[in-house]
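Colleague: Provided below are the primary sequence and the corresponding predicted coordinates.
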Amino acid sequence: MVSFKTFGLMLLLIAVFFVAPVAWADDAALKQRLHDARLYIDRGGEDGLTVRQIRDILAMVDISEETRFEGELLLARALEPRSGQSIEAAVAQYRRLLRYYGKYIQESEVHFKLAKLFWSEDRYVETLGELDGVVFSEESAMRSESRLLKAKALYALQHYPEARMTLLSILSRPLPANMRCLTMAWLAAVDAGAGRDAVAASRFDKSFDTCSELIQQELPLYKAYIELLVEQKEFSRVKEHLDIFLARNFDEREALPLSLLYADMLAEKGDIEGALMKYSSLSFQNKNMEVARYAKIRHLMLLTQKPVDPYPLRSAIVGIGKAVEDAPMTHVEVEANYYKGLLFWQIYKRESAFANRALGFLTLAEVANIAPFSAKANEAGKRMLKEWLQGLAKENDWSGLISTWDHYQNFAVLEPDVGFLLANGYGQMGLYDKAFKLLDEIKPMLKQQDQAKFHLEMTKLWYFNGDPAVVSETSAWVQADDAETALAIRLMRAHWLMDQNRLEAARDELMLINMQSLGERANEYWKMRAALYEKMKDWYMASEALRHVKDEGEALDHWSYIAPQVRLLLRDTYCEKILSLLDEVRVEDRKAEWYVIKTDCVFRAGDLEASKRLLEKAKKSDDAERFALEVKSFEQMIEVEELKELRQ
């Protein structure tokens, strides 16, 4: 209840803010009016009137920029929606602040405010988009709050691995007790979403014992806790929490699904009459049509199970058909979920984030074990999981590949091609023992045509693990396998030998490679050969190897391509070869470095006049400043030589 003192203050603010004339005398007076408006908003004053008055102030031409900013910021606050209102006006105003008042605002705070607005309307992708621009200092409390909001949005989108990583990053830093407890509760919700029910239950129980009031205030979190209790068959605790939830949040959007859950629980416990009453009331509400359809279907199905005077089956079938004709639900849920899985898979081919939902729906259809769609879902799930794993491998998302395989074991079929993907994934993550174990598992399944791939994957693992077996165990394979596989293995052998500084052995390995088999790996071969000769300090051969590299997007006469070869040759001053290479560069491509290097060779040959002409051109080049010291040095050396000639 509002106290008499508070009520009187609000009346005073209304009088000052809404009755006073619009044309204020000076900027200070305007600031006072904005201050009064801020107090009025803080005390819950009617925001529509406030918005109009603030806009009247902003319509004035002669107010200071700082005062205008204060008005624009206050307008954004006044436009923030109350229950059931749209956020669009507030969003537009906050975006206006970002666009026109950047020097006055903390951009991260505004992005965080926008993220919270989008979260309030379940617009999770946009929530994450705003949070991408949020950077708070280590000391700021909003750092943890913004990360927690990111985790909540990821959870809502069923991106459980990313949500989990975000929550763990929050917990890795010192936190106030309440924030730590709430973060742990959200981690429990993520665990539950990812199917780790036992871990989730333990975390939820501990968190609820510590900060129950905070959890109850976060309705999606409290709902997740109750749903987990249902999964755990903790019916007495479910009843206790549902009563609390529904009593506090009857009009909230989370309340209706939980009311449906409560009816399901009554039906499962055998309280048919209680469940029928609940289903009936939910089927006639129009705030949540999905819940209404579920309730109608389950009400009809439960009516057919009444021990006395059961509802006619034919009538129930007709009623269920009508209930699901535009949104199929359970008892035809298996078929509906099967179709949803296929449709979400089509979306996945354009937007990869939807793969998880596709397999999730197929899992629902499969575990129902109802013919024929459970069997169809199983076959589709196997095919889709394999395709998803291949897509993750193409994206080099090895963590995602492994977690996806582990999560969808119901569709997991270990075949050689899948085994190779997983072994590569484990290897990329440094989990070599698991990778070798997996290859051992698939080895008995391999056909003759799979042997080369097996050899290649084993060699990769040895190479990445720094194991000498990459050389000692592969000698026979490079003789027996196809040319492409033999090339890949030889390149890894040469790499490993170079890493071990066994340069002559690495050179011998490269010399054994058939040049005709290089194909698309020619660039890799010649770059490796150049690097090898450079380590051996054979600058001429290193330069010659670089001449074979063709994939840099530059023709042979472009300086950006010739320069690396010339720089190598310059180390031992192969001037004859250097001058030949320099002449290949078009005049328009010659830069200051080109003239400096040519000066070096010409100067060594004793042609001082030509050297001076080259240096003048170097000083006129676009990149002259980078080589100013070299030019100066050569000019000094030329002066010394000219003095020597004069003395003679």
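Modeller: Received, thanks.
Colleague: now the residue most central in space within the chain: how far from Leu128?
Modeller: For the chain, the residue sitting closest to the mean C-alpha position, by C-alpha atoms, centre = their mean, is Glu162 at 7.2 Å. Per C-beta to C-beta, to the nearest Å, Glu162 is found 9 Å from Leu128. Where C-beta positions appear, they are placed from N, C-alpha and C, glycine not excepted.
Colleague: hey, what's in contact with both of those two?
Modeller: Leu154 (C-beta atoms under 8 Å, 6 or more residues apart in numbering).
Colleague: about what we covered before: thought the residue nearest to the centre of the chain was touching Leu154?
Modeller: Yes - the criterion here is C-beta atoms under 8 Å, and Glu162 meets it with Leu154 at 4.8 Å.
Colleague: The helix or strand harbouring Lys150: which residues count as buried?
Modeller: If you go by DSSP states H and E, Lys150 is part of helix 141-156. Within helix 141-156, the residues scored as buried using 16 or more other C-beta atoms under 10 Å are 143-156.
Colleague: roughly how far out does it sit from the chain middle?
Modeller: How far helix 141-156 lies from its chain's middle: 14 Å, per C-alpha atoms, centre = their mean, to the nearest Å.
Colleague: what's the following helix or strand after that helix?
Modeller: helix 160-171.
Colleague: for that following helix, what is the average pLDDT?
Modeller: The average pLDDT for helix 160-171 rounds to 94.
Colleague: same question, stretch 273-290
Modeller: On average, stretch 273-290 scores 83.
Colleague: ok, now stretch 415-426?
Modeller: In the prediction, stretch 415-426 has an average pLDDT of 93.
Colleague: Identify each buried residue in that stretch, please.
Modeller: Applying 16+ other C-beta under 10 Å to stretch 415-426 flags 416, 418-426 as buried.
Colleague: How about stretch 582-595?
Modeller: Quick answer for stretch 582-595 (16+ other C-beta under 10 Å): 582, 585, 589-595.
Colleague: How about stretch 240-254?
Modeller: So, applying 16+ other C-beta under 10 Å, buried residues of stretch 240-254: 241-242, 245-246, 249, 254.
Colleague: any idea how far it is from the chain center?
Modeller: 34 Å.
Colleague: Then stretch 449-460?
Modeller: Worked out by C-alpha atoms, centre = their mean, stretch 449-460 lies 32 Å from the chain centre.
Colleague: One more: stretch 488-498?
Modeller: That offset, for stretch 488-498, works out to 34 Å (C-alpha atoms, centre = their mean).
Colleague: What are the contacting residues of that stretch?
Modeller: Everything outside stretch 488-498 that qualifies as a contact, by C-beta under 8 Å, 6+ apart, is 455-456, 459-460, 463, 466, 470-471, 474, 477-478, 481, 503, 505-506, 509-510, 512-513, 521, 524-525, 528, 531-532, 535.
Colleague: In the stretch 51-200 of the chain, where is pLDDT below threshold?
Modeller: 53, 56, 59, 61, 83-84, 138-139 (pLDDT under 70).
Colleague: just the helices in it please.
Modeller: Ranges of helices within the stretch 51-200 of the chain are 65-79, 88-100, 107-120, 124-131, 141-156, 160-171, 177-193, 197-217, based on DSSP state H, counting those that start in this stretch.
Colleague: nearest to Glu625, of the buried residues of stretch 582-595?
Modeller: Ala592 (8.3 Å; C-beta to C-beta).
Colleague: how close does that closest one sit to Ser621?
Modeller: 4 Å.
Colleague: Repeat that for Ser207.
Modeller: 67 Å.
Colleague: Between these two, which has more neighbouring residues?
Modeller: A count of neighbours by other C-beta atoms under 10 Å puts Ser207 above the other of Ser207 and Ser621, at 24 against 18.
Colleague: Would you mark the buried spots in stretch 159-178?
Modeller: 159-164, 166-167, 170, 175.
Colleague: Going by distance to Ser611, which of those residues wins?
Modeller: Glu162 (61.8 Å).
Colleague: thought Leu79 was touching Gln93?
Modeller: Yes - between Leu79 and Gln93 a contact is recorded at 5.3 Å, counting by C-beta under 8 Å.
Colleague: which one of those two has more residues nearby?
Modeller: Taking other C-beta under 10 Å, Leu79 and Gln93 do not tie; Leu79 has more neighbours (22 against 19).
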